[in-house]
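Visitor: here are the coordinates; sequence isn't available:
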DNA sequence: GCGGTTCTGGACCGGTTCGTCAAGAACCAA
DNA sequence: TTGGTTCTTGACGAACCGGTCCAGAACCGC
């Protein structure tokens, strides 16, 4: 009935992601994406609309990937929930430090660049952070059920604090903080988490965590 | 001897900062800065060299301003050091939430956009975060001297953790997290700080903080 | 006033940008 | 084979980019 596509849409999306990731939205040119994929510009525009729509496709897929990856990191039985949380915090610090090219996180980069003026990006970004917070809260609740985290602490507030620390590690890594510093932040954050329920006579000291 | 400048250099730097802050480095055009200041492009280039040099002037001044502002927030007598730290954390959350235009922090934005490919920006950014960490550590040490923070905790590690939380609050604020969430993160972070030295028989539980 | 120096404004340059378009190629149902 | 549909390619257009240049204006020591 009609001529079929000759290119793999996912390959184009990956190439576009590399460009946006490396030099940002404003710094990326459609010609560079065309050159990287070998496609003519007509095919690019025909398949994806325009630069902004192409970016949203890339950004949305990236956000989905992150949420899924974090979900896999944190999903599991209650008795290992705290250990999964610790491992996740350490992994974020380790991955950030291992990113010698200092590419950082596309979500962070594009949220910083575009969220002020681009409602679609802002909405996707906010939703992604909400989902990440939920994944953390779910794991923290599991750890509380198993008695590894003080049940008096609000799991959502704790989750948002952990989320803030993780995003802070990302930001500091981008600035060039070294591996030792990033890992120390991760360890300090882990050490500071409210442990098992303290003896009753001591509970009061934790009251402000609700 | 020669014709004097007709423009105020600081006004130009402020106008340029607004542009970079709003649309980033790649998104800013020299024509826009010229239009915003009423200057001809010849004057702009004559006074500042080129776009990159102008940006570095703006970025450097912004970093200096931040470091000074945080230093003022945290400087003071030992007996109020913890309260100053608490107030600072709360202020960052409040300011981030009050930033309804969602402009965020220029340091965070440009570090995300440029640090990967621009060594000058990366160096200034890293130095700025180091100075912010030092200011926090100095205040934490003061609070420890006064007995308001566990003297067994490493002040630099604690400072870097607080710094990460603050940068995380900034990142989440940019994504659109609401005021209540940001303030809750601040309060949770404050609540989680290791308080006064616990009784000797309890000290062991804090050991991992060193 | 005059001369030398610096500053100003904006026309201009070469290159780049996003997006379009037309001419042809590839496919498949009939 | 043929005709209709969609895909591919890259030249093209109009606007825009960073940066230069120059003619003229403003200043000051003399």
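Guide: Perfect, I can see it now. In this text the structure is predicted, and so the values were computed from the model without any measurement. Numbers count the residues shown, from 1 in each chain, chains lettered A, B, ... in the order given.
Visitor: and the most centrally placed residue in chain A, what does it touch?
Guide: Chain A has residue A:66 as the residue nearest its centroid, 5.1 Å off, counting by Cα atoms, centre = their mean. Residue A:66 makes contact with A:105, A:107, A:128, A:132, according to Cβ atoms under 8 Å, 6 or more residues apart in numbering or on different chains. Heads up, the C-betas are built off the backbone N, CA and C, glycines and all.
Visitor: these two touch, right, the first one and residue A:171?
Guide: No - the criterion here is Cβ atoms under 8 Å, and residue A:105 misses it with residue A:171 at 9.2 Å.
Visitor: give me the more crowded residue out of the two.
Guide: A count of neighbours by other Cβ atoms under 10 Å in any protein chain shown puts residue A:171 above the other of residue A:105 and residue A:171, at 29 against 23.
Visitor: tell me the residues of chain A that contact DNA strand C?
Guide: Counting by Cβ under 7 Å from any atom of the strand, the positions of chain A adjacent to DNA strand C are A:1-4, A:28-32, A:41-42, A:45, A:50-52.
Visitor: could you pick out the longest helix of chain A?
Guide: helix A:119-145 (DSSP state H).
Visitor: close to chain B, is that helix?
Guide: Yes - judged by Cβ under 8 Å from any Cβ of the partner chain, helix A:119-145 comes into contact with chain B at A:122-123, A:125-126, A:128-129.
Visitor: now do the helices in chain A.
Guide: Using DSSP H, the helices of chain A run over residues A:9-27, A:30-37, A:41-48, A:51-74, A:81-98, A:106-114, A:119-145, A:155-175, A:179-192.
Visitor: now those as a markdown table including mean pLDDT and distance to residue B:160?
Guide: Shown next, in a markdown table, are the helices of chain A (pLDDT from 0 to 100; distance: least, Cβ to Cβ, whole Å):
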| stretch | mean pLDDT | distance to residue B:160 |
| --- | --- | --- |
| helix A:9-27 | 98 | 26 |
| helix A:30-37 | 97 | 37 |
| helix A:41-48 | 97 | 42 |
| helix A:51-74 | 98 | 23 |
| helix A:81-98 | 98 | 11 |
| helix A:106-114 | 98 | 18 |
| helix A:119-145 | 98 | 21 |
| helix A:155-175 | 98 | 8 |
| helix A:179-192 | 98 | 5 |
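Visitor: how about those helices in JSON lines, adding distance to residue B:188?
Guide: Formatted as JSON lines, the helices of chain A follow (distance: least, Cβ to Cβ, whole Å):
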{"stretch": "helix A:9-27", "distance to residue B:188": "32"}
{"stretch": "helix A:30-37", "distance to residue B:188": "42"}
{"stretch": "helix A:41-48", "distance to residue B:188": "42"}
{"stretch": "helix A:51-74", "distance to residue B:188": "19"}
{"stretch": "helix A:81-98", "distance to residue B:188": "15"}
{"stretch": "helix A:106-114", "distance to residue B:188": "21"}
{"stretch": "helix A:119-145", "distance to residue B:188": "12"}
{"stretch": "helix A:155-175", "distance to residue B:188": "4"}
{"stretch": "helix A:179-192", "distance to residue B:188": "10"}
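Visitor: can you redo the ones you listed as TSV with distance to DNA strand D?
Guide: Formatted as TSV, those follow (distance: least, Cβ to the nearest atom of the strand, whole Å):
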stretch	distance to DNA strand D
helix A:9-27	10
helix A:30-37	8
helix A:41-48	2
helix A:51-74	13
helix A:81-98	31
helix A:106-114	16
helix A:119-145	20
helix A:155-175	23
helix A:179-192	34
